[in-house]
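give me a model of this one.
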Amino acid sequence: MSRLVMKFGGTSMTFLERIRPAAELVASEVRAGKSVAVVVSAMAGITNQMVAWADQIGPAAHGLPSSDDEYDVVVTAGEQITTGLMAMMLRSMGVNARSWLSWQLPIRTDAAHGKARIADIEAAALAASMDSGVVAVIPGFQGMTPDRRLTALGRGGSDTSAVAVAAALGCPCDIYTDVPGVYTTDPRIEPKASMLDRVSYEEMLELASMGAKVLQTRSVELAMAYGTPLRVLSSALIPGTQDGQGTLICNEDLIMEKRIVSGVALAGDEARVTLMGMPAGAQAQARVFAALAEANLNIDMIVQARPGDGERGALTFTLPRRDATRAVALMEAHRDAIGFDAVRSDEGVAKVSVVGVGMRSHAGVAGTVFSALAEAGIEARAISTSEVKISVLIDAARGEDAVRALHAAFGLDKV
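Next up is the predicted model:
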């Protein structure tokens with residue numbers, strides 16, 4: 001029997017009447033002869049409530065980062081509830097099922113509470129149970145430390161849980177969401193967005209990290225590292241009709257005709273921090289980014305402005321808006337050690353990105369990007385590139401205009 005991991009998000013678990021259709025999709029794969037593991041998220045909104053409760057009395061109430069072992073115990077409770085409910089629903093439908101909590105599997109992580117990373121999964125017992133015909137139901141978003149303390153994997157961590165289980169089992173992973181697949185851009189911004197049949201791991205990783213909300217970035221990294229076939233499809237499908245549906249995330253060589261640009265993503269939650277009067281030399285820069293790394297602040301774009309030899313310039317970097325206040329406070333605390341004059345923060349920015357593996361072999365992509373933005377009257381404040389991506393920092397108020405302009409410029413409404 002072939003194995004399959006199926007993951008259902010919070011919207012599929014919100015009410016008992018939503019859990020039944022998800023369970024019916026699982027039952028249809030069992031009837032098709034597959035050994036199935038199901039990874040579930042908490043009911044939509046439950047994790048937010050858990051976080052709010054924990055923040056009232058936990059570390060956040062004292063101005064500290066919300067990341068300790070008891071905090072993780074609270075915020076991961078929702079997944080345990082839906083794990084039991086899904087197993088019970090499957091049993092009520094005549095499907096043999098049982099729950100596997102993180103310590104029963106086990107899913108081993110590091111001790112970075114609140115954003116732990118999976119180190120290893122002992123899947124032998126799980127595989128044997130599945131192959132005997134028992135559907136495994138597993139809570140997403142969580143694991144345990146070597147000393148058996150519960151850990152949370154960070155927001156969106158259920159996607160990562162599902163891919164990690166699939167990698168450990170050596171099988172594909174289907175992610176069921178409230179959209180039919182991966183689109184060329186957010187259809188709520190551009191109604192002409194088209195659904196893609198296939199996207200490479202590298203493209204999906206860039207789209208996810210640049211603002212696309214379909215998959216969590218770490219889940220795509222993990223799928224790419226282990227070559228795990230990953231599919232995004234709708235939880236509203238009629239059971240038994242899953243074949244050929246959704247978007248397959250796969251190796252680039254499985255995509256016959258590579259598009260120059262596959263998608264446009266918008267990250268509207270960006271902030272820009274600028275250090276004015278930076279001293280010349282690499283030592284000051286090294287101190288800036290060492291301090292940010294030690295505080296686990298992830299930096300994206302970096303722009304260095306140097307007026308002339310020996311003169312003091314400016315260093316600008318971007319990061320998620322939620323981290324801007326902490327980054328500014330950190331820089332102020334290190335001002336004397338680094339030697340800059342002042343720090344400024346701008347939260348009125350957004351990042352728009354075009355992504356496509358075809359950019360490697362096609363010239364003129366940058367020209368099309370900046371021509372489209374210029375025609376729309378949108379100014380580029382900073383730029384970053386990779387082999388398969390061009391990202392531009394712009395005024396947040398023009399974010400959606402930029403998406404529509406770039407989507408049209410690359411003909412993505414005709415995919």
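
give me the phi and psi for the residue most central in space within the chain.
The residue lying closest to the centre of the chain (Cα atoms, centre = their mean) is residue 216, at 1.9 Å. Backbone torsions of residue 216, given as degrees, to the nearest 10, read phi -80, psi 140.

mind listing what's buried along the strand ranked longest in the chain?
Longest strand in the chain by number of residues (criterion: DSSP state E): strand 263-278. By 16 or more other Cβ atoms under 10 Å, the buried positions in strand 263-278 come out as 263-267, 269-275, 278. (Each C-beta comes from the backbone N, C-alpha and C, glycine too.)

and these as a markdown table, adding distance to residue 135 and pLDDT?
Formatted as a markdown table, these follow (distance: Cβ to Cβ, whole Å; pLDDT from 0 to 100):
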| residue | distance to residue 135 | pLDDT |
| --- | --- | --- |
| 263 | 34 | 94 |
| 264 | 39 | 95 |
| 265 | 35 | 92 |
| 266 | 38 | 93 |
| 267 | 37 | 90 |
| 269 | 37 | 87 |
| 270 | 42 | 92 |
| 271 | 44 | 95 |
| 272 | 48 | 95 |
| 273 | 48 | 96 |
| 274 | 53 | 95 |
| 275 | 54 | 95 |
| 278 | 58 | 93 |
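
mind putting the residues you listed in CSV, distance to residue 339 included?
CSV is the format used below for the buried residues of strand 263-278 (distance: Cβ to Cβ, whole Å):
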residue, distance to residue 339
263, 42
264, 40
265, 36
266, 36
267, 31
269, 30
270, 27
271, 23
272, 21
273, 16
274, 15
275, 10
278, 8
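
contact partners of stretch 118-138?
Contact with stretch 118-138 is made by 1, 3, 26, 30, 35-40, 83-84, 86-87, 90, 95-102, 105-110, 143, 153, 160-161, 164-165, 167-169, 222, as judged by Cβ atoms under 8 Å, 6 or more residues apart in numbering.

switch to 6 Å and redo it
Applying Cβ atoms under 6 Å, 6 or more residues apart in numbering, the external contacts of stretch 118-138 come out as 35-39, 83, 86-87, 90, 95-100, 105-109, 143, 164, 168-169.

which members of these occur in strands, if any?
35, 36, 37, 38, 39, 97, 98, 99, 107, 108, 109, 143.

list the contacts for the last one?
Spelled out, it's residue 143. Per Cβ under 6 Å, 6+ apart, neighbours of residue 143: 102, 107, 109, 118, 151.

hang on, residue 246 packs against residue 232?
Yes - counting by Cβ atoms under 6 Å, residue 232 is a contact partner of residue 246 at 5.3 Å.

shared neighbours, those two?
Common neighbours of residue 246 and residue 232, counting by Cβ under 6 Å, 6+ apart, are residue 181.

quick check: bridge partners of residue 350?
residue 394 (DSSP bridges).
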